[in-house]
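**Student:** got a predicted structure plus its sequence, pasted below:
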Amino acid sequence: MAQEQAPSGAFVSVPALLARNAKEFGSRPAYREKEFGIWQSWTWAETSEEIRNLALGLLALGLERGDHVAIIGRNRPSLYWAMVAAQMVGGVPVPLYQDAVADEMTYVLDHCGARFVICGDQEQVDKVIEVQDTIKHIEHVIYYDKRGMRKYDHEHLHWFHDIQEEGRVSHHRLEHELAAREAEQTYDSTCVMLYTSGTTGRPKGVVLSNRNIIESAKNSSEFDHLRKEDDILAYLPMAWVGDFIFSVGQAYWTGFCTNCPESADTMMTDLREIGPTYYFAPPRVFETQLTNVMIRMEDAGNFKKRMFHYFMAHAKKVGPAILDGNPVGGWDRLKYMLGELMVYGPLKNSLGFSRVRVGYTAGEAIGPEIFEFYRSLGINLKQLYGQTEATVFITVQPDGEVRADTVGVPAPGVELKIEDNGEIFYRSPGTFVEYYKNPESTADTKDAEGWVATGDAGFIEEGSGHLRIIDRAKDVGQMADGRLFAPKYVENKLKFFPNILEAVVFGAGRDYCTAFLNIDLTAVGNWAERHNIAYGSYQELAGHPDVFATLQAHVEEVNRSIADDPMLSGCQVRRFLILHKELDADDGEMTRTRKVRRRIVEEKFADLIGALYDGSGEIYTETEVTYEDGRKGKISATLEIKDAVMADSKQGMAAE
Amino acid sequence: MNDMSADSYVTEDGRTIGGVVMEMKNITLRFGGVVAIKDISFDIREGEIRAIIGPNGAGKSSMLNVISGFYHPQEGEVWFHGEKRPTMRPYQVANQGIARTFQNIALFEGMSVLDNVMTGRLTHMKSSMLSQALWWGKAEKEEFENREKVEKVIDFLEIQAIRKTPVGRLPYGLKKRVELARALAAEPKLLLLDEPMAGMNVEEKEDMSRFILDVNDEFGTTIALIEHDMGVVMDLSDRVVVMDYGKKIGDGTPDEVRNNQDVIDAYLGVAHD
C-alpha cells in the first residue's frame, strides 16, 4: 500500500494526504451520508474537488493564515470538508460541541477569536447570531442546510454551496495563492484546535500539530491493521478528539470511508445498514444496546427466550477464548458454531456489528458483564485509554490481550511513568503543543522534557504490563481516619447495574461514604411497566419505594464487593439517596461528554449532602433546572435517605 | 375577475401575501333542518395562513369540508383561482391542488409511514394500474420521482427515524405529523388543516407550529386551519375568521378579532335571546 512505500514525513498535512488519496484511490468511496432515505456517496476524487472549491471560496472571502475557523454541527461530510478546507488555506479548524448552549459557545468563540464560523443548520446559526451580541470579531458565518434561512440578513451570512461556487469560478485567480498556502504547511503547523470538555473550570483549547495527528493516526492504524476497505460510522461529537482522529486522521491516512448517519435519531438503523468494520462507542452506548436487547428478549416468546439464554451461557463460557485464539475443545466449538447460526449471528446483525473487525470503547470504565457480553458474541471489542492532550492514544489493548479491568499496554511510541502518588505521566509523538493562550496551564501539565500529567491515578500490573486506572488523581483522597477514598472506583461499580445510570460518591475527609444515585429511566421504566407501576415522570419513578429497595440491594452488593479489596474497603456506601432529577449537562452538572462535575454537584446539592451526614431520614429540597431552550425552572421534592448494610472487610476490619 | 390580486402586500416578517385564491360566497349548508353554515362569505389569499375559529359546533369543520368537496352547500358559490367551481367530488378537489388533514387522523394504520406518505402522491401518478402492478415502463420512473419528493417531505418534517415504522405503532403527536406529511407530499397549493394541534402537549404544539410556519415559509403554501388553541391561532395566522352557530361573527387580523365584542361574547358566553 501507498503509505508503506512513502515515509510518513512525505505527507506533512491532512490536505497532503487528501491529494494522495485522490490520486491513488480516487474512485474509492471517501464519504457516505444518508439523505432522503438513500446513502449518498463521494469518492476521494470528488471529495478533493469539493474541499478544493470550498478552500478557494474561503480564500475569496479573505481567510488569513492562522485564522481560527469554528465548525458547529452534527457529523456531516460537508463539515469534515470544511475542516480540511480551512487547513488547506492555512487556517485552523476548531470544531465545537453542537449541543452547547449559546453561553458556552460564547466563551470558546471569544477565546479562539474566530473570524469565520461554519454551521450545519439554522439552529447553530441562531446561536452564533446570539453570541454576536457580545463578540464582535466574527465576520462571516457559513451554513450548509438552507432550510429556514431565507429571511435572514445575508450581508455576512453565506450558503455553503455559494462559497464553493464562488471558489469554483475564481479558481484561475486564486489557484496560485492556494498552492502557496498549501506548500507552507509543515509537520509542526497547527492541524486542529480542540476544546477539552473541562471537568473543572473553563474549557482549554488544545493545540495539536500535523505531527501529532499524522503520527498518531499512522501508529494506531498500523497497530490495528486498518485498511482502505474499512468503514466507520461517524456519529460522536465532531469536537471530540476521538472523532477527529478516527474520521479525519486515520480516515485520511488509511483512506477508509467515513459514513454519516441521517440524523441522531436514526443512528441505530444507519449503523445496521452500514455495518462498520471499525467501530467506536463510549461504554454508555454499549450499555444502552445491551439493555435494549435484554428488554426485547423479555418480551420474546418462550422458545426464543430459552434458546437465547442457552446459547448466551455457552458463549460466555467459550466465546472470549475463541476470539483470543486460545485452545477450545471440539464439542464446544461445534456448539458455538451452532450458536452463531441460531443466535449470535442474527443478534450481531440486528445490532449492526456483523462486520466489526476492531471495536473500541473508552472514556469511562465499562462494566465487565457488558464487555464480556459483546466479546462472547465474537465482536473484537477492546479498551483504550487516552485524552485530548495525547491525541487520544496512551494505552491500547492488543488483539488477544483484552480484559475488562485494564486499559492495555502503552500505544506505539508512547512512554509511561507512574509517580509516587500514583499519578500517570506519558510522553509520545501525539503529545499536544500547548493550551491556546494559556502558558501557565501548559507549564502545569507538560514539563520541559515533554512528560504530560494525565491527572489519573493508576498502576502497571505486574506480569502483563497492562495499565490499570483507579481514579482521577485529585479525587483520590483520604477519609477522616486516613483510609483511602476513591470515589470513581465505587461509582463505576454502582453504574455497572443497569438500573443505575449515574452515581456520585462522597466521603473525602468524612467518617463514612455516601452516594447520590440516578436511576436509568429505560431499565427501571421497563421494570415498572412489567410490574404495573404507573409513573408520570422521572421524579415519580425515582421516588417509588420498590425502586428504592432495589437500589438498596445494589448498593449492598457493591459494598460486599468493595470489602474484598482491603485497600479500598473504607469506600463502602453507608447512606444514599436517589436524586429527584437526572444530572444534566444543560444544568452544568455534567460535561458534554457526560462526565460528572463533582464540585458543581457538591455545591448545588449541599443541603442533600448535609442530610446524608446528619442522620435525617428524609429531606425537602428545591433545585433549579434549565430547559433545552435555555429557560429556567424549579423542581422540588422530598427525598428519602436510608442506610445500607456494610460488609466486613476480608481482614476482619469491621467497617461499621 | 380577481380584482383583489393587485392588493398583494408584504407582512412584517417579510412574506409576500398575494391576491385572493379562494373565495367563499354566501355559503349555506343544511343537514335536513339543521343549518350548519348560514350565509358565510370570506376569502383566502395566496401565501397566507388563514384560521377559522369558533366554539364547539360553530360549523368550522363543515366549512373545511365544503372547501375540500366532502360537503356540497345548498346555496352559495366556491371560487378557486378566479373561477367558479362546479360541484366536485373530493378527489377532483384534490387534483386541483387542495390537500387536507383530518381532525381524527385518517391514516392507514397497518402501513408504514413511508407508504402512507406515498399515497399523498397518488394524484400525481399517471401510469396505468397494469404498468404499476408489473413495475414496467413509466411506472418505475414515476415511482422514483415520487419517492424523491416524498423523501424531501420526510426530511422536512424530520420523521426519518420512523420512515419504516407502521403508523399504528406511533404516538398521537407523530401520527399528526405523518398526516401533515401526506398532505404535503401532494404539493398542494392550498393546505387545509383540521385541528392540527388537538390533544397535543405544549412541546408537540410548539413543534407543529414551527412546521406549519416552515411549510408556509419554504414552499409558499397557502394554509387554512381550524384550531381551538387561541394562543396558537393568534401567533400563527395572518387573518382569522370567527364562526358561531354557523354564522360569521368576525373576520380580520388576530388583533382586530381579539378586540371584536361579538367574538369576546361568543367565547366568554352571554345570554342568548
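**Tutor:** Good, I have the coordinates. Residues are numbered from 1 along each chain as shown, chains lettered A, B, ... in the order given.

**Student:** for the stretch 51-200 of chain B, what spans make up the strands?
**Tutor:** Along the stretch 51-200 of chain B, counting by DSSP state E, counting those that start in this stretch, strands occupy B:75-80, B:83-84, B:98-100, B:190-194.

**Student:** partners of the second one, with directions?
**Tutor:** Using DSSP bridges, strand B:83-84 pairs in its sheet with strand B:75-80 (antiparallel).

**Student:** I'd like the mean pLDDT over the partner strand, please.
**Tutor:** Strand B:75-80 comes out with an average pLDDT of 91.

**Student:** of all the residues in it, which ones are buried?
**Tutor:** Residues B:76, B:78, B:79, B:80 are the ones in strand B:75-80 that count as buried (16 or more other CB atoms under 10 Å in any protein chain shown). (C-beta placed from N, C-alpha, C; glycine too.)

**Student:** what's the nearest residue to residue A:525 if we skip its chain neighbours?
**Tutor:** residue A:541 (6.6 Å; CB to CB, 6 or more residues apart in numbering or on different chains).

**Student:** in which helix or strand would I find the one you found?
**Tutor:** helix A:538-542 (DSSP states H and E).

**Student:** and chain B, which residues reach chain A?
**Tutor:** Taking CB under 8 Å from any CB of the partner chain, the part of chain B that reaches chain A is made up of B:13-14, B:114, B:147-148, B:151-152, B:154-156, B:158, B:160-161, B:163-164, B:214, B:217-218.

**Student:** only alpha carbons, please: show the helix holding residue A:541 as PDB.
**Tutor:** Only the C-alpha atoms of helix A:538-542 are listed here, as PDB (Å, rounded to 0.1, in the frame of the first residue of the first chain):
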ATOM      1  CA  TYR A 538     -38.500  10.500  36.300                       C
ATOM      2  CA  GLN A 539     -39.100  12.100  39.700                       C
ATOM      3  CA  GLU A 540     -42.100  10.000  40.500                       C
ATOM      4  CA  LEU A 541     -40.500   6.700  39.400                       C
ATOM      5  CA  ALA A 542     -37.300   7.600  41.300                       C
END
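
**Student:** same question for the helix or strand that it is followed by, mean pLDDT?
**Tutor:** Of the helices and strands lying after helix A:538-542 in sequence (DSSP H and E), the nearest is helix A:545-563. Average pLDDT, helix A:545-563: 90.

**Student:** give the buried residues for helix A:545-563.
**Tutor:** Those would be A:547, A:548, A:550, A:551, A:552, A:554, A:555, A:556, A:558, A:559, A:562, A:563, for helix A:545-563 by 16+ other CB under 10 Å.

**Student:** got a list of contacts for it?
**Tutor:** If you take CB atoms under 8 Å, 6 or more residues apart in numbering or on different chains as the criterion, helix A:545-563 is touched by A:489-490, A:493-494, A:497, A:499-500, A:515, A:517, A:519, A:524, A:527-528, A:531, A:533, A:541, A:568-569, A:571-573, A:576, A:578, A:640, A:642, A:644-650, A:655.

**Student:** distance from that helix to the middle of the chain?
**Tutor:** Relative to the chain's own centre, helix A:545-563 is displaced by 28 Å; criterion: CA atoms, centre = their mean, to the nearest Å.

**Student:** per-domain residue ranges of the chain.
**Tutor:** You didn't say which chain, so I picked chain A. Domains of chain A are assigned by automatic domain parsing as A:2-214+A:238-246, A:283-472, A:477-643.

**Student:** could you do chain B instead?
**Tutor:** Using automatic domain parsing, chain B is parsed into the domains B:3-97+B:188-268, B:110-174.

**Student:** and those domains: which comes nearest residue A:315?
**Tutor:** Comparing the domains of chain B against residue A:315 with CB to CB, the closest turns out to be domain B:110-174 (29.8 Å).

**Student:** start to end distance for the closest one?
**Tutor:** With CA to CA, to the nearest Å as the measure, domain B:110-174 spans 15 Å from end to end.

**Student:** now do the same contact list for the residue nearest to residue A:525.
**Tutor:** Shown in contact with residue A:541 (CB under 8 Å, 6+ apart): A:519, A:521, A:524, A:525, A:528, A:533, A:535, A:547.

**Student:** doesn't residue A:168 fall inside a strand?
**Tutor:** No. Residue A:168: not assigned to a strand; according to DSSP: H, G, I helix; E, B strand; the rest coil it is helix.

**Student:** the residue nearest to it when sequence neighbours are not counted and chain B, how far apart?
**Tutor:** Counting by CB to CB, 6+ apart, the nearest residue to residue A:168 once its immediate chain neighbours are dropped is residue A:53, at 4.8 Å. Per CB to the nearest CB, to the nearest Å, residue A:53 is found 24 Å from chain B.

**Student:** could I get the average pLDDT for the strand or helix carrying residue A:53?
**Tutor:** Residue A:53 belongs to helix A:44-61 when assigned by DSSP H and E. For helix A:44-61, the mean pLDDT works out to 96.

**Student:** same question for stretch A:219-233.
**Tutor:** Per-region confidence: stretch A:219-233 scores 94 on mean pLDDT.

**Student:** residues in contact with it?
**Tutor:** A:1, A:25, A:28, A:245-247, A:250-251, A:253-261, A:267, A:270-271, A:274-280, A:355, A:357-358, A:392-393, A:396, A:398-399, A:411-413, A:429.

**Student:** residue closest to the middle of chain A?
**Tutor:** residue A:282 (5.2 Å; CA atoms, centre = their mean).

**Student:** what's the closest non-adjacent residue to that one?
**Tutor:** In space, and not counting its chain neighbours, residue A:282 is closest to residue A:363: 4.5 Å by CB to CB, 6+ apart.

**Student:** from what I see, the one you found and residue A:285 are in contact.
**Tutor:** No. At 10.2 Å, residue A:363 does not count as touching residue A:285 under the criterion of CB atoms under 8 Å.

**Student:** the more surrounded of the two?
**Tutor:** The residue with more neighbours, out of residue A:363 and residue A:285, is residue A:363; 22 against 17, by other CB atoms under 10 Å in any protein chain shown.

**Student:** list phi and psi for the spatially closest residue to residue A:428 that is not a sequence neighbour.
**Tutor:** Counting by CB to CB, 6+ apart, residue A:414 is the residue found nearest to residue A:428 once chain neighbours are left out, at 4.1 Å. Reported as degrees, to the nearest 10, the phi and psi values for residue A:414 are phi -100, psi 130.

**Student:** how near is residue A:414 to chain B?
**Tutor:** Computed as CB to the nearest CB, the residue A:414 to chain B distance reads 40 Å.

**Student:** so how far is residue A:220 from that residue?
**Tutor:** Residue A:414 is 11 Å from residue A:220, where distance means CB to CB, to the nearest Å.

**Student:** which neighbours do the two have in common?
**Tutor:** Common contacts of residue A:414 and residue A:220 (CB under 8 Å, 6+ apart): residue A:393.

**Student:** which one's more surrounded, those two?
**Tutor:** Remark: of residue A:414 and residue A:220, residue A:220 carries more neighbours, 27 against 21, as counted by other CB under 10 Å.

**Student:** the more buried one in helix, strand or coil?
**Tutor:** Taken by three-state DSSP, the conformation at residue A:220 corresponds to helix.

**Student:** same question, residue A:384
**Tutor:** Under three-state DSSP, residue A:384 falls in the strand class.

**Student:** I'm done for today, thanks for sticking with me.
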